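S.K.: Show me the folded form of this:
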Amino acid sequence: MKRSYNPFKGPFHDTYAIGFRLYLPGAINWRHRTIAGVSWNGVDQEAFFFSPDGLALPLKANPWELPELIRRNAVRREFSSVHGTGHFAMNAGRLTSLKSLGMSDWVTYWLVDQSGGYANDPAVWQRITEQDLVVEKTASKRIHHDMRLTSDLTGYVDECVAQRREQMAVEHRRRCGEDSKILAWLKGETPPPLFANAQEAA
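M.R.: Numbering: from 1, shown residues only. Below is the predicted model of the structure:
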């Protein structure tokens, strides 16, 4: 059997360069950019990836590498099912037809234990922030010592930690805003037009 040419490497291709990825334990994970699982038809080599909220993601599967990713990362599976709703999901008519004919070629896999949560959750972000600030505190003490600064150590460390906390808060607001836009897009919700009418455009 001759293998068809695949124009990209890796188990999937992020066609819009959004930054979709598998959940990384111990890292900062954003809910609407995380791949929760994939519904895979190994016969036709077709896949539908989905988010933790069950929204289909615009990813193209590499049929030669996806099975290995599934073998390494699947935490559970469901036979004869296709998951994923929203703008990039399987066409409703086709899904209805598949259900009536049988879906034995499809298996849905949930990937990687995602119980650590997502940075969108304030409690998770608080934990991430506190861990980061412990590192910042240690680093600022070392810098104060190594540079032989004459300023008060406690005041210097407190200022560094406060600046880092503010940087992280700004970053969190920015990333949450981006993630909200991604969520709306995956649902098929379109933003209002740039100009409400032609007069505003003029």
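S.K.: What segments of this protein are helices?
M.R.: Remark: helices assigned in the chain by DSSP state H are 66-73, 92-101, 122-146, 153-187, 198-201.
S.K.: Tell me which of these lies nearest to residue 47.
M.R.: Residue 47 sits nearest to helix 66-73 of all the helices of the chain, at 6.2 Å, using Cβ to Cβ. C-beta here means a position set from N, CA and C on the backbone, and glycine is covered the same way.
S.K.: what does that closest one contact?
M.R.: Helix 66-73 has contacts (Cβ atoms under 8 Å, 6 or more residues apart in numbering) with 11, 12, 22, 38, 40, 42, 47, 109, 111, 112.
S.K.: For the fifth one, which residues are in contact?
M.R.: For residue 40, the contact set (Cβ under 8 Å, 6+ apart) comprises 46, 47, 61, 66, 70, 106, 107, 108, 109.
S.K.: For stretch 169-184, list the C-alpha coordinates in CSV.
M.R.: Presented in CSV, the C-alpha positions along stretch 169-184 are these (Å, rounded to 0.1, in the frame of the first residue of the first chain):
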residue,chain,number,x,y,z
ALA,A,169,-2.2,40.0,36.5
VAL,A,170,-1.9,42.0,33.3
GLU,A,171,-0.8,38.8,31.4
HIS,A,172,-3.7,36.9,32.9
ARG,A,173,-6.3,39.5,31.8
ARG,A,174,-4.8,39.6,28.3
ARG,A,175,-4.8,35.8,27.9
CYS,A,176,-8.3,35.4,29.3
GLY,A,177,-9.5,38.0,26.8
GLU,A,178,-7.9,36.0,24.0
ASP,A,179,-9.3,32.8,25.2
SER,A,180,-12.8,34.3,25.4
LYS,A,181,-12.5,35.3,21.7
ILE,A,182,-11.4,31.8,20.8
LEU,A,183,-14.4,30.3,22.7
ALA,A,184,-16.8,32.5,20.8
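S.K.: starting at the chain centroid, how far to that stretch?
M.R.: Centroid separation between stretch 169-184 and its chain, computed with Cα atoms, centre = their mean, to the nearest Å, is 12 Å.
S.K.: cool, stretch 116-133 as well?
M.R.: The answer for stretch 116-133 is 16 Å, by Cα atoms, centre = their mean.
S.K.: Could you list which of the contacts of helix 66-73 belong to strands?
M.R.: 12, 22, 38, 40, 47, 109, 111 (DSSP state E).
S.K.: can you pull the pLDDT of the residue lying farthest from the centre of the chain?
M.R.: Residue distances from the centre of the chain (Cα atoms, centre = their mean) peak at residue 150, which lies 44.9 Å from the mean C-alpha position. With respect to pLDDT, residue 150 has a value of 74.
S.K.: Against residue 122, how distant is residue 27?
M.R.: Counting by Cβ to Cβ, to the nearest Å, the separation of residue 27 from residue 122 is 18 Å.
S.K.: Can you give the domain ranges for this structure?
M.R.: Following automatic domain parsing, the chain resolves into domains at 12-111, 122-187.
S.K.: now the first one, how far from the centre of its chain.
M.R.: The offset between the C-alpha centroid of domain 12-111 and the centroid of the whole chain comes to 13 Å, using Cα atoms, centre = their mean.
S.K.: In this model residue 161 seems to touch residue 132, though I could be wrong.
M.R.: No. Residue 132 is not in contact with residue 161 according to Cβ atoms under 8 Å; the separation is 9.8 Å.
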